[in-house]
Every structure is written in C-alpha cells, then in structure tokens.
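Engineer: Here is the input, now give the coordinates:
(2 chains)
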Amino acid sequence: MMNSNPLLQQTRRHFFGQSAASTGALGLGSVALQSLMNRGTTFAGEAQHSDHPLAPKPTHFPAKAKNVIFLFMAGGPSQLEMFEHKPQLSERSGKPIPDSFIEGKRFAFMNSSHRTNLLGSRRTFKQYGDSGAYVSDLLPWTAEIVDEISIVKTLQADLFNHAPAKLFMNTGSGQFGRPSIGSWVTYGIGSECDDLPGFVVLQSGPRGPRGGSVLWGNGMLPSTYQGVPLRNQGDPILNLSTPESVSPDQQRKLVDVVNQLNEERLRQTGDGEIAARINAYEMAYRMQSSAPDLMDISDEDQDTLDLYGIKDPNESTYARNCLLSRRLIERGVRFVQLYDTNWDHHGGPTETLEKHLPSKCKDIDQPSAALVKDLKQRGLLDETIVIWGGEFGRTPMGEVRQNTGRNHHIDAFTMWLAGGGFKAGQVYGKTDDFGFEPVENSVHVHDLHATLLHQLGLDHERLTVRFQGRDFRLTDVHGRIVKELLA
Amino acid sequence: MKLSFFLVMIASPMWHLGQAFAEEVAPDFSKDILPLLAENCFACHGFDAEAREAGLRLDTREGAVGGGRTGVIVAGDAKASELVQRLHSDDPDLVMPPPETGKSLTAEQKQLISAWIDAGASYDAHWAFIAPKQPAVPDASNEASHPIDLFIEEQLGQAGLHSAPMANPATLIRRVSLDLIGLPPSPKEVQDFVNAWGEDSETAWTDLVDRLLESEHYGERWGRWWLDQARYADSNGYSIDAPRSIWKYRDWVVDAFNRDLPFDQFTIEQLAGDLLPEASLEQKIATGFHRNTQINQEGGIDKEQIRIDSVFVRVGTTGTGWLGLTVGCAQCHDHKFDPISQKEFYQIFAFFNNQDEPSIKVYPPGTDVDSINARRKELQEQIQEQIDANAEKLDVWEEALGEKAKNALSSSIKKVLGKQPGKRSFDDQVLLLSEVEELLGEEDRKAFKSLRDERSVLGKRLNDVPTTMVLSERGTPRKTNVFVKGDFTRPAEEVTPGTLSILHPFEQTETTVDRLDLARWIVDSANPLTSRVIVNRIWQQYFGAGIVATENDFGLVGARPTHPDLLDWMAVEWVKNGWSFKFLHRLIVTSNTYRQTSRLLPSMDRAMEMDADNRLLWKQNRLRLDAELVRDVALKASGLLSSKQGGPPVYPPIPDGVMGQGQVRRSWSVSQGEDRYRRGLYTFVYRGTPPPSLKVFDAPEGFSSCTRRTRSNTPLQSLNLMNDAAFFEFSQSLAKVIEEDGVSEAFLRCTSRQPNKTELELLKGLDELTVARALLNLDETITRE
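Structural biologist: Now for the predicted structure:
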C-alpha cells in the first residue's frame, strides 16, 4: 500500500520524534506538523493528498470490483459479423432498407454516394453455452466463454466519427479536454500499486487509435490521473531508463541524495509538498525496475503462453498485452486499457469484411477469452471487470467501396462484460430484425459508465470535479445503473 | 435566534475569521445565504424557468416570500416557513434538497438560513454584479504603510494573527525574478542585490523591481500567463491535429506586455482589432486571440457544425476570460445558478457569428506591398514585351520540334506546349522563352534574365513571409438564432447582438453593432467584473490562490472573496492607473505581504490551526514552477539558455515515439543551434501530442481557456527530471560548471543561495555529474519559495 511507504513513515517518525523532544533543528509545533504531513498545500477545489495523490481512497459505498481491464477494439467492430444473428437481414440482403429506419438519421460520409442497401452477413452463427448466446464462426474462443460473460446487444452512442466517438466512449463527451474513465476511476479511488501508475494503456495494431493520447487524458483533473501508455518499443514508460552513461549505482545515489537534500529543505521550510516529492522520487525509482519486470514475461509458464496464444514472448501483440494486463492487475494497477486498432471495415482495399475482419478477430479472439479464463483460475475475475468493445458498431446496410463493407453505426452495437459482479452467461438487450435499433433494453454509453462506476463503489452523480464554475461528471447529466446486468 | 461565535466559525467560510464577533450576528444574504441557496436549491428553483420545479423560485425575494402557494418563506418567522420545515424533514419525499441530488445542508447551514429568515429574509444583489467602489485604506495601526499590507493586516489582526517576517534578500531576488521574468538571477545578481539590500533595502528592492519590469523577458513570463487563457497552441487539434501558423499572435502578446499596452486597449485589439479605424497589421494580428480554437479536418464532418462549435467556444472563453462568469453554461438552457438566459448567450454569440476566419501574411516592417506590386506589374509588362518581340522565333522553334526532341523536353515545358498558344499564361510564356534563351541575342538574354530575377526576388518578398490566423468581419451578417438545447440543427427565435442584462447597460451608439462595441462594453469602467477578475488572476499568480478562489467563476456559486475590500481597492486603483499591468505588478511585489517568508515557523502553530490553507496570508506560499519555467531554470543554471526572442516555434529534443501517439504521425525534426535551448514558451505544442516534459508539469494543451494551472506532484515528473535526454544534457553542462567553479557556484545557480554545511556534506564524495543532476532535481530548484 502506498501510504505505508517506509521512507515517508521514517520521515514522519523522524519529524514527530524531533518535535516531541523539542530539540531538532525543525522545531515545529505539533499542529503545524500534523497539518503539513497530512494535507500539504491545498486550495479550494483542489483536493490533493499530500503524501500520495494515488493512494487508495474510500469508495462511496462498498465496491463489487476493484479493477478494470477495458479491451478497446478501435475502429468499430462489426456486431453483425460477430454476435448479432439476423436471418431476416440475410434474406433481404441487397434490398433497400425501408425508409422508416433511416428517416432523420445522420451518418458519416453519407453525403457521398454510398448505397444503403441491406447487407446480410456471410458468417455462420451457432448458439453456445447454457445461455445459448449466438456467436459467429469468427470467434470460436469467445464462444467457449459465453457462460462467463454478459453480452450487451443494445449499446448506443451519440457520435459517429471515430475520434469524437472514441472520446465519447472514454470520457462521456465528444469534446476534447475531458477526463477519461480511467482518470475518473483513479481520481475517485486511487490505486493499490505503489510502483506503477494507476491507469495504464497498452496498444497493438498498425498505428495509434484515432484521437490519440487525449483518449487517456486527465482533462481537468490533475495530471496525476492521466493514463500512462506502456510502450512496446524503447522505454515502456517515457524516460524510464537511466541515461546510458549512468551506472545503476550512480542512479541510486542520485535518488538518495536528492531525497536527503529534499528532506533537509523540508526541515527548513516545513512544506508538506516536499514530503510528496520525496515519495514521488522513491516511486519513480521503484518504477525503473518494476516496469521492466512487468514487461518481462519470461517468468510465465508455457501453459500460460499457450493459453493466450503467445508464440514469441518478445513480440508486441494484442495477446501479449492481454497477459500484461493480468500482470498489471496482479500488481494492483487500477485501470488497464488495451487499444487494438484497425477495426474500421468500410469495404476499402484493406478493410474488407471477408478478409480483414476475420484476421482482426483471429488476433483478439483467443487472447480475450484467455484473459477471462486466466483471471478466473487465479481468483481475480470476481474483483476485475473486463470490458470488450469499440466506439460503435456497424450498419446493417452495406457500404460500397472497392468491396462491400459497413459504415459506422451508433444506434445499436454489441459489447461484452465479464467479472466484477456482472452477471455471467447473459445476453442483454434485443435489436430489431436488421439489428438497426434496440427493441428492448437499450444501454447508452452513459449508462455503461454509470454501471461501471457503481461496481467500483462510486456514485456517478457524486464523482465530480468543479471546473470553470461547473461540476463535471463522467456521465454529464445522464446515466442509469443497469441493474439487470449485475449479479 | 442567537448564533454563537462557534456556530458562525464553523458554518461560514474563512472570511469571517477576521471579523469581530458580536453577540448576535445576523447572516448576510450575499455572503452567507446566497451561496447556500445557489449551490443547493437553484438547479430546480432558480433562474432557469425550464428546469423550475413546482413553479417555485428562490433566486428572487418575490418568488420565495411572495404570497400564495409558492411562498415558502415567511419573513421574520423561520418556524412558520415551509422552506425550513422541508430542510429539516425526515420524510424522504419531503426533505429538501431531495436525497437523489446528493446535496445536503449541515445543521449549521440550516441554522444560518433560519437566522436569516428570522431577521427578515432580506435579499440583496450578488456582490460581484455591483461595480466596485474604492474602499478607504484601513488606518495604519503599526509601521505598515503599503495599502495591501494594511488590508491584509487588518484581517490578520481581527483573527489574532500577524504577518510573517520578511524573507531573506537572496530568497526575495529569486522569488521576484521568477515571478516577473520567469528566470532565476545569476549568482552575481544575487550578490549585488544582497549588498545593495544591506545598504538600503527599500531602494534596492524598488530598483530591482524596476529593472525586472523593464526586462524583455517580462513579456515572455506574463505573455505565457495570458496565452493560457487564450488557449494558444501551434496545431489545429481534433484527431488530425495538423500544424498551424499563429505564432505571430504569441509574439504580439509578449510584445504587448513588454510595452505595457493598457489592458483596455489590449482587450479591444484582441477582440476587435480588425474593426478599429485604420487598423494596423499588429491590431489585426491581435485578433488571433479568438482563432485559437480547434479546427476539425476529419472526413465526414459538417463544416457548419464545426464553425458553430468554434463560436460556442469563443463566447464561453470571452465570458470566462474577461467576465469570470460561466456564460458557456447557458448554451443549452438558461443558466442554473446565475442570471444568464439562454437568449443572452445567443445575443453574445451574435457578435461572434459574423466573421470570416482567414490567415494573413505578415510582412516585415517597412514592406511597401503596393509599390512592390506596382514594380512587379511594370516588370511583367517589360517581360511581356520581350516575349511578344520574340513570338515569331518561338513559333518557328515550336513548329520545327520533332517528336524525339519534344520528348527530351522537361515535363513542365511539355505541359505548356500542350496548351493552345492563346491559352498560355504569362508564367507559361516566361517558362517557354527561358527554355529557348539561345534564340535571343546576348544582350536580350541578359536583360530578360535580369527582369525575371528582379521579379522573382520581389515575388519572394511578397510570398515568403509568415502567415497568421485572424478574424475579419463579413460584409453581409449571418442571422443568429437561439439553438434549442444548443443543437445547431434546431434553430429557434432569431436574436440580435446584445450583452448580459444583469451587468452594466450596453449602449448602442450606431445602427449596427459589432465586436468592437462588445469589447468596449467589456472594458467599460462601469463593468463590475472585468477589473476584479483580472486583478484576482494576477494576485493568484503571486500567492497560489486568488482572493476569489474560483478565479473563473465570480457567479453565485463561486467562492466569496477572502479580502473583498482589498480586491475592490486594487481593481479600482488599477483602472485609475490606466489599466497598466506593470503598475499592478509593482503594487503587489512592493508590499510586505508579498515579501513574507514562505517558511512554516514554530510561531505559526496557531495560524496553521485556524487557517491551514493560509487564505489570510500569514506567510507567503511555496509554489512549484510552471512547466515552461522548470525548463527555463535548468537552462539558465546550466548556462545553455538562448536569449533569442520570438519567431516560429522550436523543436527541442523529445523522447522517441512521442509523436506517433496521435492519429497522424507528425514529424519533430529537432532544432539545431541555439533553437535547441530556447525558453519553454517557444516549444512547438501539438494539442493532441503535447511535449511530454511540459505536459507532465501541467502545462495546458490549449483545448480550452486555462485560468489556473493545477500543480501536480508525480513520479513521472521525477523520471522526467532524472532521465529525460534534454535534462540530462543540461546536467552535463552544469557538471562542467562544477568542475570549473565548484559545487557552491552550481548550487547558487539553481537556488540563488549558498548550500549549508549539511547540504555540502551530503554532496561530498559524489561525482560532478551526479551532483549536477541532483541539483537540477531539487524540489527547491523547481519551486519559487
């Protein structure tokens, strides 16, 4: 636990010891000392914990889950090729969609001449598990875990372009500069890891997700709560390595002398912020070894590597990131987000439903299922929420480019959740015969956010930050806890 | 109902600390009651008629006390008032505020409301909506004579506290140098100042302050302060985040501070410089203020939606920046707390709805564009004459061209030849004649070349110049409508430009009104807000928190000023002195309040117990430096700092892979020469992928107006200072200083003081590089004490 940092404890004892004896150079009274050790310099609206801003904080009410792993399929995976079995859509494939469906809707790129005929899926669907959930042939591994997960068919979002939609899924707003869900969670309840950041981002796929680092930005929260990308190349964390010409011994000496000098300054000035900085240097130093330890998976046995389908342990893949996410959770990291890019299957030459989508599914199917199984066998699934999904889904209509693909669709798309007090083996929500719109139990992104926070012991209406005169929330003025999803 | 001393102490915020406590204290509506009602009641019973529940409004006395079913307050009788009964009710269906709002009042707060009702439930206006009158400076009860000190000490005295001793001169010169120019003093400057201080401290201090305010670095320091509020950055934002050119606006801001452009003029030029009579180029550049909005270049977007989004941001930023009001909240509905209607939001919107958003060329001073154009025209005519004179020769040459010879020609010539002779442009013809120069005689050839060369040099003078983004007014105004729920696809009632009715009147002098009228209304001396808002934000830079802690919200739910009289006195004094920033800075830094020690001393136990956040200013505060200054201090200490000012943004080294984190990979070709060592202010900032060493120390990305930076304290900052290649390079340079001049010199460069014995002992036996790295990592080095 962070607040049991031995150095700070020692520092604290040291100061209190000194002042109790009234002999030390510091000579501060006890009230001043308590204040400086406990609160540091805070001003209205800026609730900063002096010792450790990331220290675990009390929840609003008892939590069902402690951690989150968010598997983000960036680009918008096609629910109609993966989870939504729609025989009617196949029957009417090639026919125009009835006007009643699209009246008053706005679509991305719809000013151009994209056709709007219905497109049936060519995948084969079967029912699996006790829940009888439909899963297509693209996801044989996921099919095996349907009794562990809640599949939600009726997610709804507000924005249909990639970057705003990703922001919306992450921050509850399409505006840049709002805190992401991982930032909200660490702001709300801190983290239980004292040598890694509380909110970590892992990436796979050919490029960064559209929207970039604002997707894990801290917005108007202190930068303490920003998501920290663990990079696959170079230092896993920016500036993690000691400069090349510096020996480990020199680095240790550096941290020691900086902290000793800072302690001396703390003695002279009585400013609690210095205690926080001493702590930060200790954590930074620990991070220098803990992050490489985390990334080095050579201590995992072959069965585990096989479970995830990891062939080369050094190759940066989604599978490796899934395993890393388990390792992060084991170390007490609060919120892990995996981005896998290139899920945007419009029908262009490199974005077909026939070739490229199956290849993406192959990348993620086994590892995602393995993560759920692995967490379960290690007893971590109960306290960890796993979420799978993208920023939106795809239209029941075909979009004709060089091939026929599908456009962005925000009115009904599929995500799944596992662990963390979510019901296992459930299919929730139902869409119409084409999968265009929910016919029952729609779940808005705001509702998803409210429910996630709820499981973590946070009331989405009370988790606020005041900025420019207004209380901001992850769920804005919306959000319903979807109780039916909970065990 | 009598309120005990104790009750008032815990029920109301800090500012009561300094007041004398009589036996009976009737709560003050504006100070004690209005904030409670606003925070807990107004969302459903306030200004916004749409959201109003049960037809009850508590933001006016008529609504609260009025007869009939809506009156929930019986003036003079708390017990008989439904409001009080509801506040105390145990019934979840009756109790107010309703449990699901998550809001509740403490017993003391409820008692305050009862006391106020018993005393007659009088309403008066919110303090910030009444123009400040300059209060009298409190009488000097001791040696203090500076007006700021008299105000501060008056309240300290009432709380039984007193101000701290003055900091030592070395701390003071470092403090004021960082505050005024953002750079630490050199060891020699420290020594000279300490000597002068020994002779005559006051003269030494005022001389120092004068010198710093005259420094060209002053504009860099305070320009950055304004650029935060202007949401300045060097890219377009959103997912594409392409680079943009608007650094001329940044340079304008720096320069405006250096020449102490009065704030009213500073405001007018930025909001409406283009509309001033005979607007100068500089005044047009100033309108870049409102071009610091993001531009979405994604496919599939609706351009009008993006334009309207920008205007929304401009309205909100103007409200926050100058009025300290959350005007932006009224975009979708009437404001929940403050008397700002949705219609008024769109009336301000109307001022900003009538612009084009071009980039203009910024020619070097003295460039006479007209005469260059005239000369270019002349040259063109002379060249044309030559072309015409050789037309026949050209025709012959062209006709004689064989297929093979034609294929050997360059593609651009082939392209020209592919056009009908009559359809060839002037440039085409020039190109063609240049290709067959040998057809011309020796003399003609020389003349042709010299004409072309001169024309091309002039062309470069016209075109190879930086551009900057500005506003320019459209000839035909756009119509402005209220948008239902802020949704641009749902226009409702049409509106014309106007301002907030709760503030001073907007006087329409001409038939048409534009941004210039809005700007003048904002800096009208009758405006109760602008001078207070800016004075407060300047104060905040010096003490870490404003007199009004919610520096961007002076509305009903904003914090109350801790020192209302001081705020008003300074606001009026500032306007009287011509809105001069330098005047205001000098006023603050010459006070003893500013010069107190920032250390926590044993004698401060009682103060710490009463006022742990130091809102009464019984000492100075230690403040971690802004991100750019963390860099600047290390650069200065290591001797690498470039003093070059202004110009295009630069690209100091950043870690590999950072620029690949956005949607579009942007290049970052590291600047060479002194541009590698420029102040942080000049580093190129991509909104989507800001430079990590700035971001990690809380520099804003320019998505929205930033009126106060957070000061976080994280392990990533430690990693940055210890291991970042740029900081490592600074350490190597500082290590050389240690080799040549010793540890103390390097220590002095970082902290402006000599190390003590303990500190020297700790550094002993370490190699120079480790010592240098340690010094640049010290909390003290990155802190203004």
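
Engineer: for chain A, which helix is longest?
Structural biologist: helix A:272-295 (DSSP state H).

Engineer: Show me what it is packed against.
Structural biologist: helix A:6-21, helix A:30-38, helix A:248-269, helix A:318-330, helix B:715-723 (3 or more CB pairs under 8 Å, 6 or more residues apart in numbering or on different chains; DSSP states H and E). (C-beta placed from N, C-alpha, C; glycine too.)

Engineer: residue nearest the centroid of chain A?
Structural biologist: Closest to where the C-alpha atoms of chain A average out (CA atoms, centre = their mean) is residue A:337, at 3.2 Å.

Engineer: Distance of the closest residue to that one other than its chain neighbours relative to residue A:59?
Structural biologist: Nearest non-adjacent residue to residue A:337, counting by CB to CB, 6 or more residues apart in numbering or on different chains: residue A:70, 4.5 Å away. Relative to residue A:59, residue A:70 is positioned 19 Å away (criterion: CB to CB, to the nearest Å).

Engineer: higher neighbour count, those two?
Structural biologist: Legend: neighbour count by other CB atoms under 10 Å in any protein chain shown for residue A:70 and residue A:59, higher for residue A:70 (22 against 15).

Engineer: what secondary structure does that one sit in?
Structural biologist: strand (DSSP: H, G, I helix; E, B strand; the rest coil).

Engineer: distance of it from residue A:214?
Structural biologist: Distance, residue A:70 to residue A:214, by CB to CB: 16 Å.

Engineer: can you check residue A:172 too?
Structural biologist: Relative to residue A:214, and taking CB to CB, residue A:172 is found at 14 Å.

Engineer: With residue A:427 instead?
Structural biologist: From residue A:427 to residue A:214 the distance is 33 Å (CB to CB).

Engineer: Compare the two (neighbour count), which wins?
Structural biologist: Just comparing residue A:427 and residue A:214: by other CB under 10 Å the higher neighbour count belongs to residue A:214, 30 against 19.

Engineer: which residue packs closest to that one, ignoring adjacent ones?
Structural biologist: By the measure of CB to CB, 6+ apart, the closest residue to residue A:214 outside its immediate chain neighbours is residue A:176, 5.4 Å from it.

Engineer: that's a helix at the one you found, yeah?
Structural biologist: No. Applying three-state DSSP, one finds residue A:176 to be coil, outside a helix.

Engineer: For burial, what's the neighbour tally of it?
Structural biologist: By other CB under 10 Å, the residues close to residue A:176 number 24.

Engineer: quick one, what contacts it?
Structural biologist: Shown in contact with residue A:176 (CB atoms under 8 Å, 6 or more residues apart in numbering or on different chains): A:167, A:214, B:237, B:238, B:294, B:687, B:703.

Engineer: and the residues you listed, which of them are in helices?
Structural biologist: Among those, the ones falling in helices (DSSP H) are residue A:167.

Engineer: before we move on, back to that, the longest helix of chain A vs helix A:318-330, what angle?
Structural biologist: Helix A:272-295 and helix A:318-330 are oriented at 140 degrees to each other (axes from the mean of the first three to the mean of the last three CA atoms, to 10 degrees).

Engineer: if I pick residue B:586, what's in contact with it?
Structural biologist: Residues near residue B:586 by CB under 8 Å, 6+ apart: B:209, B:210, B:213.

Engineer: for those residues, which one is nearest chain A?
Structural biologist: Ranked by distance to chain A (CB to the nearest CB), the contacts of residue B:586 are led by residue B:209 at 24.2 Å.

Engineer: which residue packs closest to residue B:238, ignoring adjacent ones?
Structural biologist: Nearest one to residue B:238, counting by CB to CB, 6+ apart, is residue B:296 at 4.3 Å.

Engineer: No more questions from me, cheers.
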